[in-house]
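Q: Fold the stuff below for me.
(one chain, ligands or ions: 1)
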Amino acid sequence: MRVSLIQLAVDPAAESPDERRERVAGLVRAERGSDLVVLPELWTTGAFASPHFLHEAESPADGPTSRLMSAAARDAGVWLHAGSIIEQGGEDGLFNTSLVFDPSGKLVRTYRKIHLFGFDEGEAVLMTAGREPVTLALPETVIGLATCYDLRFPELFRALVDAGAETLVVPAGWPAARRAHWTLLAQARAVEDQAYVLAVGTAGTNGGVEQAGYSIAVDPWGEVLAEAGAEEEILRLDLDMERVARTRKEFPALRNRVLGVPCS
Ligand SMILES: NC(=O)CCC(=O)C(=O)O
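A: Residues are numbered from 1 along each chain as shown. From the prediction side, this is the model:
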């Protein structure tokens, strides 16, 4: 399965959300020939540009990001994980919602970020947390969806694996200050869940927070297959999907889980 991970520069001073949407649609179209294209978290505004969240909130069904990404997926003929948008959820408030389009441009899955980041500020106070883990069967693999800060919560990833996920897709807006955690956690999730991890972040600075970049693809043995630098960059690679089943068979650690061990 050929995947394209598009690490985007998100710099509010350099580009408006509309300009970035148009530019990103062009980048997605250029990935024709790929099976799956992945974009980062909240790339229209930046994950830390919280004063703009309300203004930029949109509908997953027919907001400007959804319309452009649907057309780009269709034109390129790819599955598109379009990263996340700020969803205007009506009475339920705002959500950090990931969108997945099929190669005809149909929106086939949404995932509302479960673990909101910021403690007492930012999205943690401005948004509503999702409650449901989400997977999706593509022709060659089952993907499990998670977003940025979710990467710190292994129990979510176990729930995705229990639901059949073989490839864990993590759009993010991870800060440079914690880049070491990003790389370590992406590898940890791959090793413990014996799954591919495709973790795609942003470059640039938004909300005064320098972004890490360093998007990464990790195989089910924990080996790094590809890693970006700190600037905008596209990683393209071929994944051997048999490798998940092989790893789980040859080193069957997932089978040795003991659930509900009481703590004395
Ligand atoms: N956008 C995010 O979820 C940021 C997460 C983060 O900064 C961290 O986990 O560290």
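Q: What residues does the stretch 151-264 of the chain have near the ligand?
A: Within the stretch 151-264 of the chain, the positions near the ligand by CB under 6 Å from any ligand atom are 152, 173, 174, 175, 178, 181. In short, each C-beta sits where N, CA and C put it, glycine included.
Q: quick one, what contacts the residue nearest to the fifth one when sequence neighbours are not counted?
A: Using CB to CB, 6 or more residues apart in numbering and skipping residues adjacent in sequence, the residue nearest residue 178 is residue 212, 7.3 Å away. By CB atoms under 8 Å, 6 or more residues apart in numbering, the residues touching residue 212 are 174, 175, 176, 178, 179, 182, 201, 230.
Q: Now the two most distant members of the residues you listed.
A: Largest separation among the contacts of residue 212 by CB to CB: 178 and 230, giving 13.9 Å.
Q: Secondary structure and pLDDT for the contacts of residue 212 - can I get that in a markdown table?
A: Listed next are the contacts of residue 212 as a markdown table, based on DSSP: H, G, I helix; E, B strand; the rest coil; pLDDT from 0 to 100:
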| residue | secondary structure | pLDDT |
| --- | --- | --- |
| 174 | coil | 98 |
| 175 | strand | 98 |
| 176 | helix | 98 |
| 178 | helix | 98 |
| 179 | helix | 98 |
| 182 | helix | 98 |
| 201 | coil | 98 |
| 230 | coil | 98 |
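Q: Nearest to residue 70 among those residues?
A: Closest approach between the contacts of residue 212 and residue 70, by CB to CB: residue 201, at 23.4 Å.
Q: now that closest one: how far from residue 226?
A: According to CB to CB, to the nearest Å, residue 201 and residue 226 sit 13 Å apart.
Q: between the two, which one's more packed in?
A: A count of neighbours by other CB atoms under 10 Å puts residue 201 above the other of residue 201 and residue 226, at 31 against 15.
Q: Let me see the ranges of the strands in the stretch 101-250 of the chain.
A: 107-112, 134-137, 142-145, 167-171, 196-200, 202-203, 205-206, 209-210, 216-218, 224-227, 233-238 (DSSP state E, counting those that start in this stretch).
Q: strands paired with the fifth one, and their directions?
A: Pointing back at strand 196-200 there. Sheet pairing of strand 196-200 (DSSP bridges) gives strand 167-171 (parallel), strand 216-218 (antiparallel).
Q: With respect to burial, which of those scores highest?
A: Highest mean neighbour count among the strands paired with strand 196-200 (mean count of other CB atoms under 10 Å): strand 167-171, with a mean of 28.
Q: quick one: it to strand 107-112, angle?
A: Here the directions of strand 167-171 and strand 107-112 differ by 70 degrees (axes from the mean of the first three to the mean of the last three CA atoms, to 10 degrees).
Q: Give me the contact list for strand 167-171.
A: 38-41, 81, 83-84, 98, 141-148, 150-151, 157, 160, 186, 189-190, 193, 195-201, 239, 241, 244.
Q: So for stretch 155-175, what gets flagged as buried?
A: Buried residues in stretch 155-175, counted by 16 or more other CB atoms under 10 Å: 156-161, 165-175.
Q: Quote the end-to-end distance of it.
A: In stretch 155-175, first residue to last residue: 23 Å (CA to CA, to the nearest Å).
Q: Over to stretch 154-171?
A: End-to-end span of stretch 154-171 (CA to CA): 16 Å.
Q: coming back round to it: let's see which of the contacts of strand 167-171 end up in helices.
A: Using DSSP state H, the subset of the contacts of strand 167-171 located in helices is 157, 160, 186, 189, 190, 193, 244.
Q: Considering those, which is situated nearest to residue 57?
A: The closest of the ones in helices among the contacts of strand 167-171 to residue 57 turns out to be residue 160 (CB to CB; 26.5 Å).
Q: Now do the same contact list for the residue lying closest to the closest one once chain neighbours are set aside.
A: Nearest residue to residue 160, sequence neighbours excluded (CB to CB, 6+ apart): residue 144, at 3.0 Å. Neighbouring residues of residue 144 by CB under 8 Å, 6+ apart: 133, 134, 135, 157, 160, 161, 163, 165, 167, 168, 169, 195.
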